[in-house]
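Q: Structure of the sequence below:
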Amino acid sequence: MGGWRRWTLAAAVLWMASTVGASADVVVYAPGAMGEALEQVAAASGQAGKPFKLVVGHSPAQARQIADGAPADIFISADPQWMDFLTAKHLLAEEPPVSLASTRLVLVAPVGSAFAYAGRPGENLSAGIGEGKLAIADPDTMPAGRFARAALEKLGQWQALQGRLATLDHVRAVVAMVEHNEVPLGIGFASDVAGDPKVRLVTEFAPDVAPSLEFPLAVVAGHERDDVAAVAAFLKGPETLAILHARGFADPSR
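A: I've put the predicted structure just below:
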């Protein structure tokens, strides 16, 4: 089993089991992409007298669990379409989802790479791959993969790269492969590589090529308690935003 496959399996187990603030009554379901940042937020929220239990997982699975009656009070999604899924089932409180933060699609390389690419139509991305592959998350299941495919299609590179893609289960596995020089290039989100000394940002894709990914937050219907409202307010507040900024997330773009 390759290093990135072991990493993916271990990470998946960790995310599904991860909880913070187990003694709190308010339960927040959140994506793995925000896991480390929200652990820090949970600690700050507890110190402010507004503790919550953080359950980190895969947004599609968490949305389906909420639809099946899982005891989540607040849901933060790494993909707005899963918030839409719950909205269509009338499973969210009347207040519409609020974007907590956003992130941008980026092309990264190992820190020693000198490859240059501006992300303009007509540029040959395969030139930077050589005999290797471009790592992306699964475009059928992961937002980073879906955004990567859409961007490559707009740039006219998608068909040329068929057979030269390493398609992985999660964007963090993409970053791990780039870190270990297992691939010459990878596509992920800026928040996944912020502060990583082993990768180099090659380019941030332009908004007309890849729009920002939003992370919407909503209270689950039937859970509109005072303590839930207090935690939701903290999650939308300046202290949380400062922590997210430090972790590479940007302000909501909408």
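
Q: what's the distance between the residue nearest to G132 when sequence neighbours are not counted and D226?
A: Leaving aside its chain neighbours, G132 sits nearest to P184 (4.5 Å; criterion: Cβ to Cβ, 6 or more residues apart in numbering). Bear in mind the C-beta positions are built from the backbone N, C-alpha and C, glycine included. Separation of P184 from D226 (Cβ to Cβ, to the nearest Å): 53 Å.

Q: Out of these two, name the residue with the larger neighbour count.
A: P184 (19 against 7; other Cβ atoms under 10 Å).

Q: mind listing the helices for the stretch 101-250 of the chain?
A: Under the criterion DSSP state H, counting those that start in this stretch, helices of the stretch 101-250 of the chain are mapped to 143-154, 171-179, 190-193, 226-235, 238-246.

Q: L100 and S77 touch, don't they?
A: No: L100 lies out of contact with S77 (Cβ atoms under 8 Å); the separation is 9.5 Å.

Q: The two: which is more packed in?
A: Neighbours around L100 and S77, counted as other Cβ under 10 Å, are more numerous at S77. The numbers are 27 against 22.

Q: show me what contacts the more buried one?
A: Contacts for S77 (Cβ atoms under 8 Å, 6 or more residues apart in numbering) come out as P31, S59, Q62, A63, M83, F215, P216.

Q: let's go with 10 Å and repeat that
A: 29-31, 34, 59-60, 62-63, 83-86, 97, 100, 143, 214-218 (Cβ atoms under 10 Å, 6 or more residues apart in numbering).

Q: again with P197
A: Residues near P197 by Cβ under 10 Å, 6+ apart: V111, E179.

Q: Could you do V171 as well?
A: Applying Cβ under 10 Å, 6+ apart, the residues contacting V171 are 32-33, 78, 135-138, 142-145, 147-148, 186-189, 191-193.

Q: swap the cut-off to 6 Å and go again
A: By Cβ atoms under 6 Å, 6 or more residues apart in numbering, the contact set of V171 is A137, A144, G188, D192.

Q: could you dump the residues you listed to JSON lines with pLDDT, neighbour count and distance to G128?
A: Conversion of the contacts of V171 to JSON lines gives the following (pLDDT from 0 to 100; neighbours: other Cβ atoms under 10 Å; distance: Cβ to Cβ, whole Å):
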{"residue": "A137", "pLDDT": "94", "neighbour count": "28", "distance to G128": "19"}
{"residue": "A144", "pLDDT": "91", "neighbour count": "29", "distance to G128": "19"}
{"residue": "G188", "pLDDT": "95", "neighbour count": "29", "distance to G128": "16"}
{"residue": "D192", "pLDDT": "91", "neighbour count": "23", "distance to G128": "19"}
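
Q: Nearest to N124 among those?
A: Within these, proximity to N124 (Cβ to Cβ) peaks at G188, which comes in at 21.0 Å.

Q: which residues sit in contact with the spatially most central residue of the chain?
A: Centrality entry for the chain: nearest residue to the mean C-alpha point is A33, 3.6 Å, by Cα atoms, centre = their mean. With contact taken as Cβ under 6 Å, 6+ apart, A33 is in contact with A78.

Q: next one: G122
A: Residues near G122 by Cβ under 6 Å, 6+ apart: none.

Q: Over to K198?
A: Residues counted as contacts of K198 (Cβ under 6 Å, 6+ apart) are V111, E179.

Q: ok, now how distant is L54 from G119?
A: Remark: distance between L54 and G119 (Cβ to Cβ) = 35 Å.
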